[in-house]
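*Asks:* Only the shape, not the letters, is given here:
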């Protein structure tokens, strides 16, 4: 378990590289003052981006209760926490984007585009 990274995972690094490549800047990494410590946050624009591991966050195609009661409960707690974090951030006026790790790995440019579009929307740049 100690080897499981929570920061600077491969999908996070890929997403950051894709964002950099299209000229998106200004994010903060895992800011403690933001609920849920998003992987990337634009604090002034109130945009939080989470890159969730499909197994750890219970994507239905990747986790279907195959690992026993302990892990079933752990994954369910993670899902519940994600929902609470989304709700709390929304109540505070934040936009939340959740990307699956496999989405970032398959098409980082599309994920970066989605983030950039959300940044434009929250800034009113459309």
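*Replies:* Received it, and whenever you're ready, just let me know what you need. Please read these numbers as outputs of a predicted model, since none were measured by experiment.

*Asks:* And the helices in this protein, which stretches?
*Replies:* 10-21, 69-91, 101-106, 108-123 (DSSP state H).

*Asks:* Quick one: residues in contact with the longest one.
*Replies:* Among residues not part of helix 69-91, those counted as contacts by CB atoms under 8 Å, 6 or more residues apart in numbering are 34-36, 48, 50, 52, 55-58, 63, 65, 96, 98. In this view, the C-beta of every residue, glycine as well, is placed from N, C-alpha and C.

*Asks:* quick check, distance from that helix to the centre of its chain.
*Replies:* Distance of helix 69-91 from its chain centroid, counting by CA atoms, centre = their mean, to the nearest Å, is 13 Å.

*Asks:* List the buried residues in it.
*Replies:* 75, 78-79, 82, 85-86, 89 (16 or more other CB atoms under 10 Å).

*Asks:* in this protein, what spans have low per-residue confidence?
*Replies:* 1-5, 125-126 (pLDDT under 70).

*Asks:* Find the residue at the geometric middle of it.
*Replies:* residue 50 (1.0 Å; CA atoms, centre = their mean).

*Asks:* Report the contact partners of the residue nearest to that residue when sequence neighbours are not counted.
*Replies:* Once flanking residues are discounted, residue 50 sits nearest to residue 98: 4.9 Å by CB to CB, 6 or more residues apart in numbering. Residues in contact with residue 98 (CB under 8 Å, 6+ apart) are 49-50, 52, 82, 86.

*Asks:* Count the neighbours of residue 109 for me.
*Replies:* 11 (other CB atoms under 10 Å).

*Asks:* which residue packs closest to it, ignoring adjacent ones?
*Replies:* In space, residue 109 is closest to residue 18, 5.6 Å off (CB to CB, 6+ apart).

*Asks:* And residue 26, by the same measure?
*Replies:* residue 42 (5.8 Å).

*Asks:* The one you found and residue 61: what is the separation?
*Replies:* 30 Å (CB to CB, to the nearest Å).

*Asks:* of these two, who's got more company?
*Replies:* Taking other CB under 10 Å, residue 42 and residue 61 do not tie; residue 42 has more neighbours (22 against 8).

*Asks:* how about the residue nearest to the centre of the chain, what does it touch?
*Replies:* Counting by CB under 8 Å, 6+ apart, residue 50 has contacts 36, 38-39, 82, 96-99.
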